[in-house]
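Novice: Sequence and predicted model, in that order:
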Number of protein chains: 2
Amino acid sequence: MRPNPTDWIAQASALLKGHLVTQSSDTEPFLTDWRKRYHGNAIGVALPGNTEEVAALVRLCAAHGISIVPQGGNTGLVGGATPDTSGQSDVISMRRMNRIRSIDTRADTITVEAGCILAEIQQAAAHADRLFPLSLAAEGSCSIGGNLSTNAGGTQVLRYGNARAQCLGLEVVTANGDVWDGLRALRKDNTGYDLRDLFIGAEGTLGIITAAVLALQPRPAAQVTALAAIDSLDAALELLSLARAHLGPALTAFEIMSEVSIGVVRAQFADERPPFSPLPAWTVLLESSDTESEVHARERFESLLALAFERGVVQDALVAQSLAQSQAFWRIRERIPEGQAREGANLKHDIALPLAAIPDFAADAGQAIDQVLPGARLVVFGHLGDGNLHYNVAAPPGMAPNDLLAYQAEIATVVNDRVQARAGSISAEHGIGQLKRAELRLRKSPVELAMMQAIKQALDPHNRMNPGKIL
Amino acid sequence: MRPNPTDWIAQASALLKGHLVTQSSDTEPFLTDWRKRYHGNAIGVALPGNTEEVAALVRLCAAHGISIVPQGGNTGLVGGATPDTSGQSDVISMRRMNRIRSIDTRADTITVEAGCILAEIQQAAAHADRLFPLSLAAEGSCSIGGNLSTNAGGTQVLRYGNARAQCLGLEVVTANGDVWDGLRALRKDNTGYDLRDLFIGAEGTLGIITAAVLALQPRPAAQVTALAAIDSLDAALELLSLARAHLGPALTAFEIMSEVSIGVVRAQFADERPPFSPLPAWTVLLESSDTESEVHARERFESLLALAFERGVVQDALVAQSLAQSQAFWRIRERIPEGQAREGANLKHDIALPLAAIPDFAADAGQAIDQVLPGARLVVFGHLGDGNLHYNVAAPPGMAPNDLLAYQAEIATVVNDRVQARAGSISAEHGIGQLKRAELRLRKSPVELAMMQAIKQALDPHNRMNPGKIL
């Protein structure tokens, strides 16, 4: 059935009490992704105010044969919230559904609507003397519905897991327009299939997450960071192993930065002084979240680093002596993607590998990329503790960054072949969306793809939920 | 199609190189559940030796229209691994597939076959100076395939999560007889739907788990336990809150035992001396897993308990001064179900509630049960830190335990109504199996049941995998 736009618009607008955007000047921000790689069209952008409106809207779209593209803060990196160019779909932006429904400090849970901004949830938790540990670069504008739909990662996964691990229950509007009330605040519940974890990470292709119950954590007494200068990825993994044994669950971050990636920060930010001189091959940022005190955290770091020193694992190290210094250490890490954006176009690969395979992968991929594009700069950084590298490639010195794009497909194949050969992941935390959809088909087994298709068909038989994403 | 037993037996026996049991004297142990509540029949009990044999067997069963009942250590509490009485199904016991395929101390992962006994995995981890924290009463005979298929809980969930949280990847034989190789050793992987967590907890109704990659943890430097005497459930929750803030992730267990439940232990085990005299209304067992030392663990406990004392939250407390004393504290807790078994029949309810709802639930349910069966003894114990109570009911003094069974349905309704009213779970860790299948239909919303049915239909369209369980 071909949608009848006029009818649908009138009915949707009435249903949403006017919160339907159809003027192209107003819809524009909803039709382009964060990195401006994709641009789509839509019949309208709906801004429902509550779950019942979402459900009624989904039923209305079904009646008119209109597809649905759910959207949160629109900060995704794979085009997962951008409609196709047909103009036959309705973007449903969750931004008006931004209430914190309740917070329970006895059970350490918070119940939030999908449109809540991540940073606001963090603040609400802090206000109640609790921690909501999900933390990532876009936290000031991304929404929790998007975080859950993409199973977001970030800097605290090592200790607290990704978004999935921090969610106890969901409210979802299904592809039929039913409301599934799975808003459970339970730590244990073995009553049938795990629907929650199926909707988490499904990028809006199975239903729309409208609310969630999230787990809160005790606030640590102190957070202290340290930097370590390391001469090889092997040594970095040895330090990780020592740190896990020595600090246990107090180890909340273990981030790595290549010499080239810190070079990018130094070149792009005049105020940034590199922590070690000369720059080591690898700089590791460690964070400890201590339940006792700052002094205790620092002592534990110092004994760890002394041991690592003694064993020749680290060449130099700095333990932050103040909150300001901890923040300065983190800023170097955070400025890498920002510095890359200032340089211009670059090729991003968000990969995960079994930890032990990382040194060999890096040697192999580095060599192969140099054959494709001699002198290409490897801006390698990321969450080593999780086996997750942002294995980014920048233009060789002297090449205009945009000329790099001609090598995009070839270099992605070089990287992904080597990831696949080591049973790694071609998308550790960013998801599939539109960007990696074709690649997914190449990399997954027919058995796995067939099961995903069967589930999609079972829960969204008319392919109305975010078509053209993932599968 | 009506199965032809003779053909199937000949072909299955050839395929399994003789590892097919059909004599009733040999099949008997596979056809009855642990609690002897269910007894079924089977065409045969297959004992495959590797994944390819499992896959070929599933295809053979499909060709003959024979249903499949996967079975691990056969220690489940809900009849999930017992076939129906039709004699039309094949029990597939995984016990011969008990190899530890590999252990990787760099990545802290272990890859095991489904038939591995849980205690053997714990030992292999300890041998490599790591911890595999999944721990439960049946660990000496239950298998990891069963633990994953039922998403087992146990005593360390508070810190390490249930079986689901400890599994990184799976190998599964699907209902078609395909092998899904999802044996990933990755901490992060956002490439499509979360099939792993769908098979975990599905109780063998969607496919057969044949192997898994599990996450290992650093071994704590010391584990110390403490007991606290508490006068109300409200105070117990306050102690939990204090302990979480004070010990953070070092708090690895928080178990509660009612006065009546310790009374059962005292009555059934002549050598058991109660820890507090007179017995308090509630005794809490806390466990700390410390990354520093036993002395440090004890100091942290002492400062926590001093604070709790000062605030009037605990009436008395004991910190174990040796490993032997820690084990003695745990033994009291472990002897409760054993003591109940010695007493005879009792009514078990494995429930979870949002933490804040527990005191009110207990008051309400206790009163209602007393109206149904005056003097009924409430043997309440379990994993309070997870909101999970074993809310068991024993016969009033003077009543023969077997006479209690006449009240089973009525008391279950009293309990489950009050669990449902507080958005709790009627099966926190034991699963659904046959035992709670009818109850599940009463307690879940039509929307949720319809989604589960759709998924079952998608992945097992001929309803061959463990029919009659869960749905």
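Specialist: That came through, no problem. Numbering: from 1, shown residues only, chains lettered A, B, ... in the order given.

Novice: Pull up the residues of the stretch 351-471 of chain A that are close to chain B.
Specialist: Residues of the stretch 351-471 of chain A that fall close to chain B, judged by C-beta under 8 Å from any C-beta of the partner chain: A:352-356, A:383, A:385-388, A:423-432, A:436, A:440, A:443-445, A:447-448, A:451-452, A:454-459, A:470-471. For glycine as for every other residue, the C-beta is placed from the backbone atoms N, C-alpha and C.

Novice: Now list the buried members of those residues.
Specialist: A:352-356, A:383, A:385-388, A:423-432, A:436, A:440, A:443-444, A:447-448, A:451-452, A:454-456, A:458-459, A:470-471 (16 or more other C-beta atoms under 10 Å in any protein chain shown).

Novice: In helices, which of the residues you listed appear?
Specialist: Residues of these located in helices (DSSP state H): A:440, A:443, A:447, A:448, A:451, A:452, A:454, A:455, A:456, A:458, A:459.

Novice: what sits up against stretch A:268-284?
Specialist: With contact meaning C-beta atoms under 8 Å, 6 or more residues apart in numbering or on different chains, stretch A:268-284 is reached by A:227-233, A:235-236, A:239, A:254-259, A:262-263, A:265-266, A:315-316, A:318, A:329, A:331-332, A:335, A:338-339, A:342-343, A:384.

Novice: any idea of the mean pLDDT in it?
Specialist: Per-residue pLDDT over stretch A:268-284 has a mean of 95.

Novice: Buried ones in it, by neighbour count?
Specialist: A:268, A:272, A:275, A:276, A:279, A:280, A:282, A:283, A:284.

Novice: Phi and psi next, for the second one.
Specialist: When read as degrees, to the nearest 10, the backbone of residue A:272 gives phi -90, psi 120.

Novice: With chain B as the reference, measure out to residue A:110.
Specialist: Applying C-beta to the nearest C-beta, to the nearest Å, the value for residue A:110 to chain B is 12 Å.

Novice: Would you confirm that that residue contacts residue A:121?
Specialist: Yes: Residue A:110 lies in contact with residue A:121 (C-beta atoms under 8 Å); the separation is 6.6 Å.

Novice: So for these two, which sits in the more crowded spot?
Specialist: A direct count of neighbours by other C-beta atoms under 10 Å in any protein chain shown for residue A:110 and residue A:121 places residue A:110 higher, at 26 against 23.

Novice: Helix, strand, or coil at that one?
Specialist: strand (DSSP: H, G, I helix; E, B strand; the rest coil).

Novice: mind listing what it touches?
Specialist: A:100, A:102, A:103, A:104, A:121, A:124, A:125, A:130, A:132, A:213, A:214, A:216.

Novice: Inside strands: which ones of the residues you listed?
Specialist: Here DSSP state E is the test, and the contacts of residue A:110 give A:100, A:102, A:103, A:104, A:130, A:213, A:214 as lying in strands.

Novice: Next up, the contacts around the fifth one.
Specialist: For residue A:130, the contacting residues are A:105, A:108, A:110, A:216, A:217, A:218, A:219, taking C-beta under 8 Å, 6+ apart as the criterion.

Novice: Next, format those residues as TSV and append pLDDT.
Specialist: Listed next are the contacts of residue A:130 as TSV, based on pLDDT from 0 to 100:
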residue	pLDDT
A:105	92
A:108	94
A:110	98
A:216	97
A:217	96
A:218	95
A:219	95
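
Novice: just the buried members of those residues?
Specialist: A:108, A:110, A:216, A:217, A:218, A:219.

Novice: count of neighbours near residue A:166?
Specialist: By other C-beta under 10 Å, neighbour count at residue A:166 equals 23.

Novice: unless I'm mixing things up, it is touching residue A:133, no?
Specialist: Yes: if you go by C-beta under 8 Å, residue A:166 and residue A:133 touch, sitting 6.9 Å apart.

Novice: what's the overlap in contacts for these two?
Specialist: With C-beta under 8 Å, 6+ apart as the test, residue A:166 and residue A:133 both reach residue A:160.

Novice: Can you show me the helices along the stretch 151-300 of chain A?
Specialist: For the stretch 151-300 of chain A, the helices defined by DSSP state H, counting those that start in this stretch occupy A:157-160, A:195-199, A:233-247, A:259-268, A:294-310.

Novice: wait, residue A:394 sits on residue A:377?
Specialist: Yes: counting by C-beta under 8 Å, residue A:394 touches residue A:377, with 4.3 Å between them.

Novice: shared neighbours of those two, anything?
Specialist: If you check residue A:394 and residue A:377 against C-beta under 8 Å, 6+ apart, the residues they both contact are residue A:260.

Novice: Which one among the contacts of residue A:110 sits at the bottom for pLDDT?
Specialist: For these, the weakest pLDDT value sits at residue A:104, with 94.

Novice: Send me stretch A:78-87 as PDB with only the CA atoms.
Specialist: Extracted as PDB, the C-alpha positions of stretch A:78-87 are listed here (Å, rounded to 0.1, in the frame of the first residue of the first chain):
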ATOM      1  CA  VAL A  78      26.600   4.500  11.800                       C
ATOM      2  CA  GLY A  79      23.500   6.300  10.400                       C
ATOM      3  CA  GLY A  80      21.200   4.100  12.400                       C
ATOM      4  CA  ALA A  81      18.700   6.900  13.200                       C
ATOM      5  CA  THR A  82      18.600   8.500   9.700                       C
ATOM      6  CA  PRO A  83      15.700   7.500   7.400                       C
ATOM      7  CA  ASP A  84      16.300   6.400   3.800                       C
ATOM      8  CA  THR A  85      15.600   8.800   0.900                       C
ATOM      9  CA  SER A  86      12.200   7.500  -0.100                       C
ATOM     10  CA  GLY A  87      10.300   9.900   2.100                       C
END
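
Novice: Show me the contact partners of that stretch.
Specialist: With contacts defined as C-beta under 8 Å, 6+ apart, stretch A:78-87 is touched by A:31-33, A:37-43, A:67, A:69-72, A:74, A:89, A:91, A:146, A:149-150, A:203-204, A:427, A:430-436, A:466-469.

Novice: any idea which residue sits dead centre in chain A?
Specialist: Geometric centre of chain A, nearest residue: residue A:152, 3.6 Å, by C-alpha atoms, centre = their mean.

Novice: quick one, phi/psi of that one?
Specialist: According to degrees, to the nearest 10, residue A:152 has phi -60, psi 150.

Novice: what about residue A:258, how many residues close to it?
Specialist: Residue A:258: 25 neighbours (other C-beta under 10 Å).

Novice: My guess is it contacts residue A:384. True?
Specialist: No: with contact defined as C-beta under 8 Å, residue A:258 does not count as touching residue A:384 (10.9 Å).

Novice: how about low-confidence regions in the stretch 1-150 of chain A?
Specialist: A:1-4 (pLDDT under 70).

Novice: List, one by one, the residues from it near chain B.
Specialist: Residues of the stretch 1-150 of chain A lying near chain B by C-beta under 8 Å from any C-beta: A:104, A:105, A:106, A:107, A:108, A:109, A:150.

Novice: looking at this, the third one is in a helix?
Specialist: When you say that, I think you mean residue A:106. No: under three-state DSSP, residue A:106 sits outside any helix and is assigned coil.

Novice: what's the nearest residue to it if we skip its chain neighbours?
Specialist: Using C-beta to C-beta, 6 or more residues apart in numbering or on different chains and skipping residues adjacent in sequence, the residue nearest residue A:106 is residue B:356, 4.2 Å away.
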